[in-house]
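> Just the structure for this:
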Amino acid sequence: MIELKDVHLTLPSAAGPVLILRGVDLAAEPGTSLSVVGPSGSGKSSLMSIIGGIERPTSGSVRVDGVDLGSLDEDGLALFRRDRVGILFQSFHLIPTMTALENVALPLELAGDRDAFATAEALLGEVGLEARTTHYPGQLSGGEQQRVALARALVNRPRLLLADEPTGNLDADTGRAVVDLIFTACAVRGMTLLLITHDPALAARCARHVVMERGRLHEPVAARALMAAAP
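As a prediction, this is how the structure comes out:
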């Protein structure tokens, strides 16, 4: 599902080039769950952006679901994201002027799907929000907003779900409920899950773990040590 070979990312800055990723190699099989942990600024979110076709690497090879992302132009990357990848962010990124139903249906509407609203309504029911379909984001709690965002990430039936600190803005109990929904949705659909988190206990729920530090991935020794420290 995911195959990265010698991936580098260097970004310009006023002080000179900044090395974000430094020769990352990563492989993940279809249907597995993989956590990426590490300190802030280590390159975790940049790694996710490259796998999701949002950011292009400076060098190296990126293949996701059999697609060589380096061979795609911007339109091709947009179609790749639409058809194959669901993305869940820490900050929800819902459109405030749209209801929960409209937020979830939007990707399907843009793709010309005539059943967009029926599919969106079913997904909102799956995440326990069948009574909140007409509510706007400002009328929802943080946990409800993240469940809307999860439904939206699933609406195009992606094969890969990328979750970047999905519980970062939630309290512990709400976060656990959202995480349960994420893992259940992935298991039912046979999706691959890439989870970025600072929480060792959350990372430990994944089948495989890697640690990112200073733009490099380490496994499995450092990951095992981190998991052993989890409560």
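> When you work out contacts or count neighbours from here on, use the C-alpha atoms and nothing else.
Will do.
> so how far is the helix or strand encompassing Thr184 from its chain's centroid?
Element membership for Thr184 (DSSP states H and E) is helix 172-189. Computed by Cα atoms, centre = their mean, to the nearest Å, the separation of helix 172-189 from the middle of its chain amounts to 13 Å.
> Identify all contacting residues around that helix.
Identification of contacts with helix 172-189 by Cα atoms under 8 Å, 6 or more residues apart in numbering yields Gly31, Val127, Gly143, Gln146, Arg147, Leu150, Leu161, Pro166, Thr167, Thr192, Leu193.
> Which single one of those is nearest to Pro57?
Leu161 (20.0 Å; Cα to Cα).
> residues contacting that closest one?
Val85, Gly86, Ile87, Leu88, Ala153, Leu154, Cys186, Met191, Thr192, Leu193, Leu194.
> Torsion angles phi and psi at the fourth one?
Pointing back at Leu88 there. phi -120, psi 120 (degrees, to the nearest 10).
> So Thr67 versus Ile51, what's the distance?
One correction, residue 67 is Val, not Thr. 11 Å (Cα to Cα, to the nearest Å).
> Find me the pLDDT at Thr167, would you?
Listed pLDDT for Thr167 reads 89.
> Can we start the residue count at 470 from this point?
Yes, from this point I'll number from 470; that puts the last item at Thr636.
> follow-up on the earlier one: out of the contacts of Leu630, which are inside helices?
Applying DSSP state H to the contacts of Leu630, the entries found in helices are Ala622, Leu623, Cys655.
> Reformat the residues you listed as JSON lines; add pLDDT.
Formatted as JSON lines, these follow (pLDDT from 0 to 100):
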{"residue": "Ala622", "pLDDT": "96"}
{"residue": "Leu623", "pLDDT": "96"}
{"residue": "Cys655", "pLDDT": "96"}
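> could you dump those to JSON lines with distance to Met567 and neighbour count?
Formatted as JSON lines, the ones in helices among the contacts of Leu630 follow (distance: Cα to Cα, whole Å; neighbours: other Cα atoms under 10 Å):
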{"residue": "Ala622", "distance to Met567": "16", "neighbour count": "23"}
{"residue": "Leu623", "distance to Met567": "18", "neighbour count": "24"}
{"residue": "Cys655", "distance to Met567": "26", "neighbour count": "20"}
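> This structure: helices as residue ranges?
With DSSP H applied, the chain shows helices at 513-520, 543-553, 569-579, 585-595, 611-623, 641-658, 669-672, 690-697, listed in chain order.
> got the buried residues for the shortest one?
For helix 669-672, a neighbour-count test (16 or more other Cα atoms under 10 Å) marks Pro669, Leu671, Ala672 as buried.
> where does the protein have its least confident helix or strand?
helix 690-697 (a mean of 48; mean pLDDT, DSSP states H and E).
> Centroid-nearest residue for the protein?
Closest residue to the average C-alpha location of the chain: Leu631 at 1.8 Å, with Cα atoms, centre = their mean.
> that older thread, return the member of the contacts of helix 641-658 nearest to Pro606.
Sorting the contacts of helix 641-658 by distance to Pro606 puts Gln615 at the head of the list, at 9.8 Å, by Cα to Cα.
> dump the residue contacts of that closest one.
Contacts of Gln615 by Cα under 8 Å, 6+ apart are Phe561, Pro635, Val647.
> for Met567, same thing?
Tyr605, Pro606.
> For it, give me the backbone phi and psi.
The phi/psi pair for Met567 (degrees, to the nearest 10) is phi -110, psi 150.
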